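> Return a 3D structure for these sequence lines:
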Amino acid sequence: MKGNWNRIVKIDLSSGKSEDLSFPEDLWRSHIGGSGLGARIYNDLAGGLPEPLSPETPLLFLAGPLVGTSLPGSSRFSVCARSPLTGIWGEGTCGGNFGPALKMAGIDGLAIVGEAPALCYLLVEDGRVSIRPAADLEGRDCYETGDLLSERHAKARVACIGPAGEKLVKFANINNDKGDVIGRTGMGAVMGSKRLKAVVAKGSRKIEVADSGAFAELRSFLLGRIKESVPADSLRSMGTDSNMDLGMMIGDIPLRNWSLGENFELAASLGGPTMTERFLVRSQACLYCPIACKRVMRVAEGPYAMEEGPGPEYETCCAFGTGILNADAAALLKANELANRLGMDTISLGGVLAFAMDCFERGLIDEKEAAGLKLSFGNVEGVFTAMKLIARREGLGDLLAEGSRAAAKRIGRGAEELAVHVKGLELPFHDPHGFHGMGLAYMMSTRGACHLQHLVHPIEQGIVAFEGVGLAEDYEGRTSEGKAAMVKIAEDLGVPCNAMLLCEFVGWAFRPQDFASCLRVVTGFDFDLEEYLAAGARIWLRKRSLACLMGAGSDDDVLPPKIMRPYAEGIAAGSVPDQDLMRREYYALRGLAADGRPSREALEKAGGLEDMALRLHG
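Below you'll find the model as predicted:
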C-alpha cells in the first residue's frame, strides 16, 4: 500500500503518553482514509460514546492517501469527533497547507484523547509528536497564534483555535493559514476542552505513489480538464462568491433569516464582481491547486479599514450579508476577519445572528436581555458587538454561543420556529425552496445540515454532468420527484472525496472514473468506479450508524419550519420540498428502517461494517 504511512499517533494529553496505531490494508481499502477511516477509529476508541467535551472523547486530525502527492486539490485534512453543537458525529475538512505538512511529517494523523493539565500545543516534526506548553498563547486570536508558532518553528504550518475555542463556544472552528478553517460542527470547542491550543506540523518526507508513470499521466490529464472547466474558470476569476448573482436569479440565496425570496440589489452589492472590483488584492491557492479560488482582500479606508488578508467565501457573504440584510460589503469583510480571528464558524455564527435578530424584532429578546444591544436586521454595529460577546461568552453571547437550536429551546415562546438547523447544525446558504434535493441532502447528512459531503449542489444546479452513474441529464430544482436517487448518488460520489481528501471544486472538472483513478495510481489498490461508489455507501452507513448510536433518528431527518413556509416572491415563490416523499424514497434506497437506523441487512451487504451491525442490532 502506498500513499499512506499506516501510522496514526494516539496521544493522551492527560498522561503525556503516546502510541502508534496501524491498520490492515483491507481497512484502508474499505474506508480509504480521512473521515472514512476516522469514523472507524472513533468507534474503536470511544466504545462508550463519551460526551463531546469529555476528556475521553477522541479528537482525530487525519490526512488521506492523496494528501501531499501533488495531485490537484490534494491539500486538505479532516478533523473528527463527537460534535458539541449537535451531539452526534462531527467532522470538518479544509485546504491550505497544514494537511500536506502533517503528512510530510511522517504520519497519517493524530488520535488525541485526555485533557492537558494546562494549555498546550502539539508539535509534529520528523515523525515525532511532542507536547509543548502554550501559556503565552492563552487568549490570543488565531492570526496571532498562527504567526507566533510558525515563526517559532521555522515556517511550520499551524492549525489553532482562538478565544472562542478556549471558551468552548459550540461552533468554534480550527484555523490554518488565517483563511482556511475546519468550520463546521464545533471541532474548535473539542480542542478547547482538551486545553489544546494548536497542532503544529513540519516535515519534508516524500509521499510515495504506487505507479509514478500512471500518476504523472493522470495528473497531467486532470490539470488539462481543470484548465478547460467553466466552473473552475469562474472560481478562479471571482472566487466562491461568483455564485451570488446567479444564485439570486435561480432561487438559491436565503434572505433575512430565510424569510424573503428575492433581493437583486443586495446580491449585486455583495457578489463576486463587486467584491473583486472594490477589494481584491490578488488570488491565492491552496497547495497543489491550479484554480486559486481564494481571495486576498483589503479595505483601504473608512470605518471598516482592513489590512490585506483572507477575503470571505460565498457562505460568509450570505452569513454576514443576505442573511442579516447587510449591504455594506466593507463591513462584511471586517466581520469575516473578526470571525476568523476569534475562531468561529461563519455559517453557524451567521445563522445564530440572523436567528437572534428575528427573535429581537419579534420581542422574544428585549433590549434589557441584550444589554442595550439592538439586534435588528441590517444593524452591522450590533453584529460586531454580538460576535465579541459570543466569543467571550458574556451576557446574551453566552446563550448564543450554544447555537440556535439550544438558544431557541431556552428562549421558548415560539423561538424554535425561527431556528434554521438540521440536527442542531445551522443550514449552509443554499436554499431548499429553490432546490429540493439540497433540502434532502441537509436532512440526511450524517453531521447535520451540510453542503460539502456530497455533490448535490453542482449536480442539481447543472454545474456538472457526471455520466455513467445513473444521473439524469438535468434536474428541475423546484420539484421533489427523483431527488432521493440523485442525492444518494451525489453522496456516494462525494463522501469518498472527504476520505481521500480531494477538494470538491477540483472534482467538479472530473469524470466519475477519475475519482477512482486517483486512488488507484496512488495506493496501488485496483480501484474502479464501482468499488469507489461502494466505499462511499459504506462510509455513509458507518457515519449514519454512529449518529444513530449518539441519539439521532427519523424524527431528526426533517427540515426546519422556515424552509417549509413558501416565499411570496422570487422564482421559488410557493415552492417547498416534499420532505415526506423524499425521505421515504431515500430510506428505501439506503436500507434504513422506519426509526432511521440502517438495517442489519444493509450493513452486512455493504461489507466491513460488522462492528456497526453488532452495536445497532446486537
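> Tell me how the protein divides into domains.
8-202, 252-418, 431-617 (automatic domain parsing).
> okay if I get those as JSON lines plus mean pLDDT?
Formatted as JSON lines, these follow (pLDDT from 0 to 100):
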{"stretch": "domain 8-202", "mean pLDDT": "97"}
{"stretch": "domain 252-418", "mean pLDDT": "96"}
{"stretch": "domain 431-617", "mean pLDDT": "97"}
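> in stretch 477-488, what's buried?
477, 478, 480, 482, 483, 484, 486, 487, 488 (16 or more other C-beta atoms under 10 Å). The way it works is simple: take the backbone N, C-alpha and C, and place the C-beta from them, glycine included.
> let me redo that: stretch 598-605
In stretch 598-605, counting by 16+ other C-beta under 10 Å, buried: 598, 599, 600, 602, 603, 604.
> How about the third one, nearest residue that isn't a chain neighbour?
Spatially, and ignoring its direct neighbours in sequence, residue 600 is nearest to residue 617 (4.6 Å; C-beta to C-beta, 6 or more residues apart in numbering).
> and if you look at the fourth one?
Taking C-beta to C-beta, 6+ apart as the measure, residue 602 lies nearest to residue 591, with 2.8 Å between them; neighbours along the chain are not counted.
> Which residues are in contact with that neighbour?
Applying C-beta atoms under 8 Å, 6 or more residues apart in numbering to residue 591 gives the contacts 598, 599, 601, 602, 605.
> how close does it get to residue 538?
12 Å (C-beta to C-beta, to the nearest Å).
> Quick check: residue 435 touching residue 253?
No: contact between residue 435 and residue 253 fails when scored by C-beta atoms under 8 Å: they sit 11.2 Å apart.
> Three-state assignment for residue 93, please.
What DSSP: H, G, I helix; E, B strand; the rest coil gives for residue 93 is strand.
> Break down the stretch 101-250 of the chain into its helices, ranges please.
Assigned by DSSP state H, counting those that start in this stretch, the helices in the stretch 101-250 of the chain fall at 142-152, 163-166, 187-193, 212-228, 230-238, 243-250.
> Turn those into TSV, columns for distance to residue 496 and mean neighbour count.
As requested, the helices of the stretch 101-250 of the chain are exported to TSV (distance: least, C-beta to C-beta, whole Å; neighbours: other C-beta atoms under 10 Å):
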stretch	distance to residue 496	mean neighbour count
helix 142-152	30	19
helix 163-166	29	27
helix 187-193	21	29
helix 212-228	16	15
helix 230-238	20	18
helix 243-250	24	21
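> mind giving me JSON lines with these and columns for distance to residue 51?
JSON lines is the format used below for those (distance: least, C-beta to C-beta, whole Å):
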{"stretch": "helix 142-152", "distance to residue 51": "26"}
{"stretch": "helix 163-166", "distance to residue 51": "17"}
{"stretch": "helix 187-193", "distance to residue 51": "10"}
{"stretch": "helix 212-228", "distance to residue 51": "43"}
{"stretch": "helix 230-238", "distance to residue 51": "39"}
{"stretch": "helix 243-250", "distance to residue 51": "37"}
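> now the helices for the stretch 451-600 of the chain?
456-460, 483-500, 504-507, 512-523, 529-549, 579-590, 600-606.
> Which one of those lies nearest to residue 233?
helix 504-507 (11.5 Å; C-beta to C-beta).
> ok, back up a step: now distance to residue 192 too, for the helices of the stretch 451-600 of the chain, in CSV please.
Converted to CSV, these look like this (distance: least, C-beta to C-beta, whole Å):
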stretch, distance to residue 192
helix 456-460, 31
helix 483-500, 24
helix 504-507, 28
helix 512-523, 35
helix 529-549, 22
helix 579-590, 35
helix 600-606, 35
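> Residue 416 is nearest to which of those?
Nearest of the helices of the stretch 451-600 of the chain (C-beta to C-beta): helix 579-590, 17.4 Å.
> what about the spatially closest residue to residue 193 that is not a sequence neighbour, distance to residue 138?
The shortest distance from residue 193 to any non-neighbouring residue, by C-beta to C-beta, 6+ apart, is to residue 53 (4.0 Å). Relative to residue 138, residue 53 is positioned 18 Å away (C-beta to C-beta).
> which of these two has more neighbours?
residue 53 (18 against 13; other C-beta atoms under 10 Å).
> how much space between the residue nearest to residue 600 and residue 593?
Residue 617 is 10 Å from residue 593, by C-beta to C-beta.
> Dihedrals phi and psi, the residue of the chain most remote from its centre?
The C-alpha centroid of the chain is most remote from residue 368, which lies 35.2 Å away (C-alpha atoms, centre = their mean). Phi and psi for residue 368, reported as degrees, to the nearest 10, are phi -70, psi -50.
> What separation is there between it and residue 272?
Noted for residue 368: a distance of 41 Å to residue 272, by C-beta to C-beta.
> likewise residue 120?
For residue 120 relative to residue 272 (C-beta to C-beta), the value is 41 Å.
> shouldn't residue 360 be in contact with residue 374?
Yes: Residue 360 lies in contact with residue 374 (C-beta under 8 Å); the separation is 7.5 Å.
> So in terms of bridging, what pairs with residue 200?
Legend: beta-bridge partners of residue 200 under DSSP bridges are residue 123, residue 158.
> That one against residue 153, yeah?
Yes: applying C-beta under 8 Å, one finds residue 200 in contact with residue 153, separated by 5.5 Å.
> Show me whatever sits in contact with both of the two.
With C-beta under 8 Å, 6+ apart as the test, residue 200 and residue 153 both reach 123, 125.
> Please say which of those two ends up with more neighbours.
Taking other C-beta under 10 Å, residue 200 and residue 153 do not tie; residue 200 has more neighbours (26 against 17).
> measure that one to residue 110 for me?
For residue 200 relative to residue 110 (C-beta to C-beta), the value is 12 Å.
> Give the residues shared as contacts by the two.
By C-beta under 8 Å, 6+ apart, the residues touching both residue 200 and residue 110 are 122, 124.
> What residues does the closest residue to residue 207 other than its chain neighbours make contact with?
Residue nearest to residue 207 in three dimensions, not counting chain neighbours: residue 68, with 4.4 Å by C-beta to C-beta, 6+ apart. By C-beta under 8 Å, 6+ apart, the contact list for residue 68 reads 74, 99, 100, 103, 104, 207.
> The fourth one: what's it in contact with?
For residue 103, the contacting residues are 5, 63, 67, 68, 203, 207, taking C-beta under 8 Å, 6+ apart as the criterion.
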